[in-house]
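> output the structure for:
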Amino acid sequence: MMKFLLILCVMSTAFCQNVTTLDHPLIQHKLTLMRKKSTSVCEFQKLISEVGMALCYEMTRDLPQTTTQIETPLQVMRAPTIDGKKLCLISIMRAGNGFLDGMRSFIPSARVGFVGLQRDHDTLQPIKYYFKLPKDIEKRDVIVMDPMLATAGTAIAAIDMIKEQGPRSIKFGALVAAPEGLSRFAKAHPDVPVYVCAIDERLNEIGYILPGLGDAGDRIYGTK
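Coordinates of the predicted model:
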């Protein structure tokens, strides 16, 4: 046990500076419902969309603002508005798609991109099958989404491909992360901020997060 805690402590120093954990009680309550084995497909879909809204809120907290003149029912005033920031939401398919409805309800003008990667269950390595981003991605700030950051192989590969297209900035959002995955991600992409709802205990022998919530894609689409 002491050895495990020591390893976890070393890992924590590698990633904690660039990781934001959303510890709001409502988010944690929804995550608990999502973890439950008995939660239905319909309810899981609803919950991940709602948490996607919360992630979007936190990940866009630093958007630059300007002011514009408007008229209220009572008087003219200068009011804050977003300063023309161009955003792109990128889903790591298929599970990342679960966040899209919630996030787009907050920022409907954002463009959407897709990275198709699946993990080989024998080697745990990502396999690419689809890649589609907006043509003007170099003018946009990117939010990449995948519910689970386990071994981080898929997330690292996705960020590698996205960086090749030259976006202005990249952030990564997930529901649940493993310490091992966060440490590996931080080494590969120390410049990419990570936003998660929980950092769980560890990975099991086949690369699944414990206690986790199972395969997010299967739970969103009812394929298992």
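> tell me the secondary structure for the residue nearest the centre of the chain?
Centrality entry for the chain: nearest residue to the mean C-alpha point is residue 173, 1.8 Å, by Cα atoms, centre = their mean. Residue 173 carries the three-state label strand when classified by DSSP: H, G, I helix; E, B strand; the rest coil.
> for it, give the beta-bridge partners.
Beta bridges link residue 173 to residue 145, residue 195 when assigned by DSSP bridges.
> count the neighbours of the nearest residue to residue 177 once chain neighbours are set aside for me.
Nearest non-adjacent residue to residue 177, counting by Cβ to Cβ, 6 or more residues apart in numbering: residue 149, 3.9 Å away. Where C-beta positions appear, they are placed from N, C-alpha and C, glycine not excepted. Summarising burial for residue 149: neighbours were counted as other Cβ atoms under 10 Å, giving 27.
> swap in residue 20?
With neighbours defined by other Cβ under 10 Å, the count for residue 20 comes to 15.
> same deal with the one 4 residues further on?
Residue crowding around residue 24 was assessed by other Cβ under 10 Å; the count is 13.
> any idea how far residue 185 is from the nearest residue to it once chain neighbours are set aside?
Residue nearest to residue 24 in three dimensions, not counting chain neighbours: residue 54, with 7.0 Å by Cβ to Cβ, 6+ apart. Residue 54 sits 21 Å away from residue 185, going by Cβ to Cβ, to the nearest Å.
> with residue 78 instead?
Counting by Cβ to Cβ, the gap between residue 78 and residue 185 amounts to 41 Å.
> quick one on the thing from earlier: is it true that the residue nearest to residue 24 lies in a helix?
Yes: with the criterion set as three-state DSSP, the secondary structure at residue 54 is a helix.
> that concludes my questions; thank you for your assistance.
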